[in-house]
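Novice: predicted model and sequence below, questions to follow.
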Amino acid sequence: MIYVSLVTNADLMRYAVSSLLAEVEDISLSVIVNSVFELRGLVSDLPSPHVVIIDERSVRIDLGDKRANTEQLASNISRICNEVRGCIGLTDYVDKKVYECAPKLGFRSLCLKSISGDQLIKAIRAVADGKVYMHSEYLRIAEKLNYPLLNSLSERQIEILDLVFQGYTNNEIADKLYISFRD
């Protein structure tokens, strides 16, 4: 069983994620809180393996709170992400700053809120398995940031990387791209 916590202050997000996960046998939504600060006090009691989904709007609420400063918030997110199997960041739009900060904070996944339920479930499973899952739009940011390694890749290699970041297995990638798979 994979246990999930959701950090969001949006009722619609709470409803959507809890409805989605209620239909998945091997994933259980164990905690829903309004802020990272609220979750921080609960982390040590969470069942394992545990994945935390953090709605970026909730983080912005924390930043607007006079009690919180950016360093404190970053420290709390980093501690949470290090104490659980991994964190998934959900964003409204592709944000270069979020992309650049995410690995430093311990996020294993960044997804747009427009992803399908199936994609969110894939992201949860990938993160629970210790893998990375990136929404394809975030991979495009890496291309735009002019990373030398990415610039040396062919279109096909980037296409394959995109599928890897989405959590596809080698066999699934081979089937999807009509290429042969070798052990």
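Specialist: Done, it's in. Residues are numbered from 1 along each chain as shown.

Novice: least confident secondary structure element in this protein?
Specialist: One helix or strand of the chain scores below all others by mean pLDDT, DSSP states H and E: helix 148-151, with a mean of 54.

Novice: next SSE downstream of it?
Specialist: Beyond helix 148-151 on the C-terminal side, the first helix or strand identified by DSSP states H and E is helix 155-165.

Novice: buried set for stretch 112-123?
Specialist: 112-113, 115, 119-123 (16 or more other Cβ atoms under 10 Å). Using the backbone N, CA and C atoms, a C-beta is placed for each residue, glycine as well.

Novice: list the contacts of it.
Specialist: When contacts are taken as Cβ atoms under 8 Å, 6 or more residues apart in numbering, the neighbours of stretch 112-123 outside the stretch itself are 13, 17, 20, 24, 27, 55, 88, 90-94, 109, 111, 133, 135, 137, 166-167.

Novice: in what helix or strand does the spatially most central residue of the chain lie?
Specialist: What sits nearest the mean C-alpha location of the chain, by Cα atoms, centre = their mean, is I88, with 2.2 Å. Taking DSSP H and E as the definition, I88 sits inside strand 86-91.

Novice: any idea of the mean pLDDT for that strand?
Specialist: Over the span of strand 86-91, the pLDDT mean works out to 89.

Novice: show me where this structure has strands.
Specialist: Per DSSP state E, the chain has strands spanning 2-7, 27-33, 50-55, 86-91, 107-112, 133-134. These are given in chain order.

Novice: elements contacting the strand holding I88?
Specialist: Contacts defined by 3 or more Cβ pairs under 8 Å, 6 or more residues apart in numbering; DSSP states H and E place strand 86-91 against strand 50-55, helix 56-64, helix 70-83, helix 96-105, strand 107-112, helix 117-128.

Novice: okay if I get these as JSON lines plus mean pLDDT and distance to E159?
Specialist: Below are the helices and strands packed on strand 86-91 laid out as JSON lines (pLDDT from 0 to 100; distance: least, Cβ to Cβ, whole Å):
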{"stretch": "strand 50-55", "mean pLDDT": "90", "distance to E159": "27"}
{"stretch": "helix 56-64", "mean pLDDT": "64", "distance to E159": "27"}
{"stretch": "helix 70-83", "mean pLDDT": "70", "distance to E159": "29"}
{"stretch": "helix 96-105", "mean pLDDT": "76", "distance to E159": "19"}
{"stretch": "strand 107-112", "mean pLDDT": "87", "distance to E159": "19"}
{"stretch": "helix 117-128", "mean pLDDT": "93", "distance to E159": "17"}
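
Novice: now the ones you listed as TSV including distance to E155?
Specialist: Output for the helices and strands packed on strand 86-91, formatted as TSV (distance: least, Cβ to Cβ, whole Å):
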stretch	distance to E155
strand 50-55	32
helix 56-64	30
helix 70-83	33
helix 96-105	21
strand 107-112	22
helix 117-128	22
